[in-house]
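Visitor: here is a sequence together with a model predicted from it:
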Amino acid sequence: MSLPPMTALRAFEAVARHLSFTRAADELGMTQAAVSYQIKVLEERVGTPLFVRKARRIELTETGARLAPDIEQAFDLIRGAFANARGALDNQLSITAVPTLAVQWLAPNLGLFQLAHPDIAVRLDSGSTMVDLIHGDFDIGIRTLQGPPGNGLVAHLLVKADFTPLLSPELAQSIGGIKTPADLLKLPILDPQDDWLDTWFAAAGVPGYSAEGRPLSLLGWQSLLGSAAMAGRGVAMLTPILFRDEIASGRLIQPFTLLAPADRAYYLVYPESRRNVPKIRKFRDWILEATAYMREAS
């Protein structure tokens, strides 16, 4: 049996992934009518509908749902094959990383990778937007996840996000030092509505922490919280291994060894189909070795 037209398969893959003719058309640079026509061509070849068209959405039929994963995997393999083929020529590695790890670890250490691999140019983008690594332009992502994502992606644990209070030594001395966990409640708290505060104080035997009456702030990223803490603005719940240099230099202090477990960790992520691309393999091997001490400490 001959294969259906590649254009029809490509249209089906895009519509099945987005569950939207409009978004598929935008991605493919086609009109919605053209995408609909290609789906009709494929449905005639298969001999049964592939989508159920409803008032404001579409759904895959049983046949479409069986077909979609294999078609998507086939296109991923094609993308991977071309990526591998151009790997020797493409010397730019594009990385998207969450701000905390980008600021606290990657930016200060990335030069070491480039010294070891001067043939690879690195482009680093730091932001909170979740990038589609399989179909997008980035080679590698560093993300905070609750576990390996699957869905055609490979994930390597870099460091757990376990946390504890950190603060400036000047702020600690303003109340004569921190002797017990309850002493922290006498000080300003950064991001007082952060769930990590409830978790850590409960683990430390200080029940009933409340943000009530405290000035509200929402800095969010640990890198921003760390900067505010070093400036003496308050106590911050942070992952101490990411602030090892700040603690060693005395800009921050960690009053207690107690670490509370986070429900997420930092992972290196890239498409399964590109695991053997030379620049990805080199960066993976480098960062896993360079961050080994963080996993050993957790």
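Guide: That came through fine.
Visitor: report pLDDT for Val235.
Guide: Val235 is assigned 95 on the pLDDT scale.
Visitor: make that Leu89, sorry
Guide: For Leu89, the pLDDT comes out at 48.
Visitor: so for the helix or strand containing Gly111, what gets flagged as buried?
Guide: In the assignment (DSSP states H and E), Gly111 maps to helix 107-116. Residues of helix 107-116 classed as buried by neighbour count (16 or more other CB atoms under 10 Å): Leu110, Phe113. For every residue, glycine as well, the C-beta is placed using N, CA and C.
Visitor: other SSEs contacting it?
Guide: strand 121-126, helix 278-290 (3 or more CB pairs under 8 Å, 6 or more residues apart in numbering; DSSP states H and E).
Visitor: what is the mean pLDDT for it?
Guide: 93.
Visitor: stretch 63-79 too?
Guide: The model assigns stretch 63-79 a mean pLDDT of 85.
Visitor: use 752 as the first number for this chain going forward.
Guide: Noted, 752 is the first residue going forward, which turns the last one into stretch 814-830.
Visitor: flag every buried residue along that stretch.
Guide: Neighbour-count burial for stretch 814-830 [16+ other CB under 10 Å]: Gly815, Leu818, Ala819, Ile822, Glu823, Phe826, Asp827.
Visitor: residues near Arg808, how many?
Guide: Residues within reach of Arg808, counting by other CB atoms under 10 Å, total 9.
Visitor: same deal with Leu896?
Guide: Neighbour tally, Leu896, other CB under 10 Å: 15.
Visitor: what's the angle from the helix holding Gly862 to helix 1029-1041?
Guide: Helix 858-867 runs at 120 degrees relative to helix 1029-1041, counting by axes from the mean of the first three to the mean of the last three CA atoms, to 10 degrees.
Visitor: which outside residues touch helix 858-867?
Guide: Outside helix 858-867, the residues that touch it by CB atoms under 8 Å, 6 or more residues apart in numbering are Ile871, Val873, Leu875, Phe1034, Trp1037, Ile1038, Ala1041.
Visitor: thought the first one was touching Trp1037?
Guide: No: using CB atoms under 8 Å, Ile871 and Trp1037 do not qualify as a contacting pair, with a distance of 10.2 Å.
Visitor: which non-adjacent residue is nearest Ala767?
Guide: Ala819 (4.0 Å; CB to CB, 6 or more residues apart in numbering).
Visitor: what of Thr851?
Guide: Closest to Thr851 by CB to CB, 6+ apart is Gln973, at 4.1 Å.
Visitor: for Gln897, see how far away that neighbour is.
Guide: 17 Å (CB to CB, to the nearest Å).
Visitor: neighbour count winner among those two?
Guide: Under the neighbour definition other CB under 10 Å, Gln973 and Gln897 were set side by side, and Gln973 has more, 25 against 10.
Visitor: contacts only, for the more buried one.
Guide: Neighbouring residues of Gln973 by CB under 8 Å, 6+ apart: Thr851, Gln855, Ala987, Leu989, Thr990, Leu993.
Visitor: could you identify the most distant pair in these?
Guide: Within the contacts of Gln973, Gln855 and Ala987 form the most distant pair, 12.8 Å apart (CB to CB).
Visitor: tell me, how many residues neighbour Leu967?
Guide: For Leu967, using other CB under 10 Å, the count is 8.
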